[in-house]
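here's a sequence, model it:
(one chain, ligands or ions: 1)
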Amino acid sequence: MVENLKSQFNRIFGESEELHQFFAPGRVNLIGEHTDYNGGHVFPCALSVGTYIVARKRNDECVQMYSLNFEEKGIISFNINQLEFVEDHDWANYPKGVMKTFEDANCPITSGIDILFYGNIPNGAGLSSSASVELVTSVMLKDLFSHDVSMVDMVKLSQKAENEFIGVSCGIMDQFAIGMGKKDHAILLDCDTLNYQYSPVNLNGASLIIANTNKRRGLLDSKYNERRSECERALGQLKDVVEISSLGALTPEQFEQVKDVITNKVDRKRAKHAVFENARTIEAVERLKKGDIAGFGGLMNQSHTSLRDDYEVTGFELDTLVEAAWAQPGVIGSRMTGAGFGGCTISIVENKKVDNFIENVGKTYQEKTNLCADFYVVQIGDGAKKL
Ligand code: GLA
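The predicted model follows:
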C-alpha cells in the first residue's frame with residue numbers, strides 16, 4: 001500500500017527521496033451516541049481502514065495537496081500565509097483548517113509541503129473520514145515541524161478545526177477515538193473530563209459487523225445542531241433546580257425526579273436520551289468486562305430504540321437495517337452508530353452466523369428500501385501514527 005502511494009506521489013509531484021508517511025483510522029462507536037457534547041460517556045474504537053498521507057517539505061511557502069479519492073479536483077495549492085476557507089478547495093479545507101489551528105496554537109508551519117492523501121474508509125458512511133483526515137494531518141504537522149504537542153492536544157486541535165474552520169459543531173468523540181485508538185480495544189471516554197480507559201473487545205466467538213445503509217445523509221448538519229440546541233435548552237431549565245454543568249452529570253433516577261422542569265416535551269425527550277444513554281454506556285462497559293456479551297448487546301438494542309423514539313435521529317433506512325438484524329438468529333445486539341439520519345449500523349453477530357446475517361439482512365433491506373447495503377467485519381486498529 002505505502003510503496004504504491006509513494007510511487008503515486010512521485011508521479012504527481014515529481015521524484016523525491018525525502019518522503020514521510022502517516023496514517024489515521026476511521027472509527028465506529030459501539031455505544032454512547034449523542035452523549036459526547038452532553039458531557040457524557042462514549043465507547044468507540046478505531047478501525048483498521050483510514051487515511052494515508054505521503055508528504056515532503058518544500059523549500060518555499062507553497063502547499064500542494066492531492067487526493068487519490070478526488071482526482072477530478074486535481075492539485076489544490078495555496079500559500080502558508082493564506083490559510084482561509086475557500087469553497088472551491090473542497091475536501092482540502094479539512095487539512096487546511098488543521099494547519100490554521102496549529103498556527104493559532106503557536107505551532108507554526110514554517111515551509112510549504114507537498115501532500116498526497118488516500119483514504120479507504122467508505123465515503124459518506126458516518127465512519128469519520130473527515131476526522132481521520134484531520135488527525136493524519138495533525139500527526140504529519142507535528143512530525144515535519146517538530147512540534148511539542150501530545151496526541152490529546154492534536155485531538156483537540158482537530159476538533160477545533162472542524163468546529164471553527166469547517167463550521168460543524170461536532171463533539172470530541174471522533175477525533176479522540178481516531179487519535180487515541182488501540183488495536184483490539186475500545187475506549188471508554190468521559191467527554192466531560194477527557195478521562196479514558198481502554199477495554200479489550202473480546203466477544204467470545206462473535207464479531208462486530210458494520211452495515212452501511214448507503215443512504216445519502218442530507219440535512220445532517222442542521223439536524224445535528226438542532227439536537228444540540230434542544231439539549232442545551234433542557235440543560236438550561238434543569239440548572240434552575242439542580243447544580244449540574246452538563247446532562248452527563250445526572251443519573252436516570254435524578255433525571256426522573258426533576259424532568260418536569262423541562263417545559264418543552266420534545267426537549268425533555270432529548271435530555272432523557274442523553275441521560276439514559278450515558279448510564280447505558282457505563283453499564284455496557286461493565287458487562288463487557290465481565291464477559292456478559294448478551295448484556296452488552298441488549299444495551300445496544302436499547303440504545304437504538306432510544307435514538308429512534310426519544311432522540312429521533314434514525315429514519316427508515318437505519319431502522320429497517322436494525323430491525324432486520326434483530327430478527328436474525330445469532331444477533332446479540334444491533335444499533336445505529338454515529339450521528340444518524342443514514343450512515344451505518346453496528347451489530348454483534350455470532351461468528352458462525354455472519355454469512356447468513358449478511359445475506360438475509362441485505363436481502364430484507366433491499367426489498368424494503370430499494371437500496372443495497374454494504375457489510376464489513378470490523379478489525380479494531382491503532383490510532384493515528386507515523387508509518
Ligand atoms: C458525530 C459527531 C460526534 C458525535 C456523534 C453522535 O459523529 O461528530 O461528535 O456527536 O455524531 O454520537
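
average pLDDT for the strand ranked longest in the chain?
For the chain, the longest strand by residue count, based on DSSP state E, is strand 44-57. The predicted model assigns strand 44-57 a mean pLDDT of 98.

now the helix or strand just after that strand: buried residues?
Per DSSP states H and E, the first helix or strand lying C-terminal to strand 44-57 is strand 62-67. Across strand 62-67, burial judged by 16 or more other C-beta atoms under 10 Å covers 63-67. All C-beta atoms are positioned from the backbone trio N, CA, C, and that covers glycine.

residues in contact with strand 62-67?
12-13, 58, 73-80, 91-92, 95-96, 99, 112-119 (C-beta atoms under 8 Å, 6 or more residues apart in numbering).

starting from that strand, tell me which strands it pairs with and how they run.
Each strand paired with strand 62-67, and its direction, by DSSP bridges: strand 76-79 (antiparallel), strand 113-119 (parallel).

same question for the last one, mean pLDDT?
I take that to be strand 113-119. 98.

what's the following helix or strand after that strand?
Using DSSP H and E, the helix or strand that follows strand 113-119 in sequence is helix 129-144.

the contacts of strand 62-67 also near the ligand: which ones?
Filtering the contacts of strand 62-67 for proximity to the ligand (criterion: C-beta under 6 Å from any ligand atom) leaves nothing.

just the buried subset of those, please.
Buried among those (16+ other C-beta under 10 Å): 12-13, 58, 76, 78, 80, 91-92, 95-96, 99, 112-119.

tell me where the stretch 101-250 of the chain has helices.
129-144, 151-160, 173-180, 220-238 (DSSP state H, counting those that start in this stretch).

how far does the strand or helix carrying residue 23 sit from the chain's center?
Assessed by DSSP H and E, residue 23 sits inside strand 20-29. Centre-to-centre, strand 20-29 and its host chain are 11 Å apart (C-alpha atoms, centre = their mean, to the nearest Å).

how big is the angle separating that strand from strand 44-57?
160 degrees (axes from the mean of the first three to the mean of the last three C-alpha atoms, to 10 degrees).

show me what strand 20-29 is packed against.
helix 2-13, strand 44-57, helix 129-144, helix 173-180, strand 344-350, strand 385-386 (3 or more C-beta pairs under 8 Å, 6 or more residues apart in numbering; DSSP states H and E).

partner strands of that strand, with direction?
By DSSP bridges, strand 20-29 pairs with strand 44-57 (antiparallel), strand 385-386 (antiparallel).

residues of the chain that sit close to the ligand?
Close to the ligand, as judged by C-beta under 6 Å from any ligand atom, the chain has residues 33-34, 36-37, 170-171, 173-174, 338-339.

just give me the closest of those to residue 301.
Looking at these and their distance to residue 301, the nearest is residue 33, at 12.9 Å (C-beta to C-beta).

element containing the residue lying closest to that closest one once chain neighbours are set aside?
Excluding the flanking residues, the one nearest residue 33 by C-beta to C-beta, 6 or more residues apart in numbering is residue 307, at 5.8 Å. Per DSSP H and E: residue 307 is located in helix 293-309.
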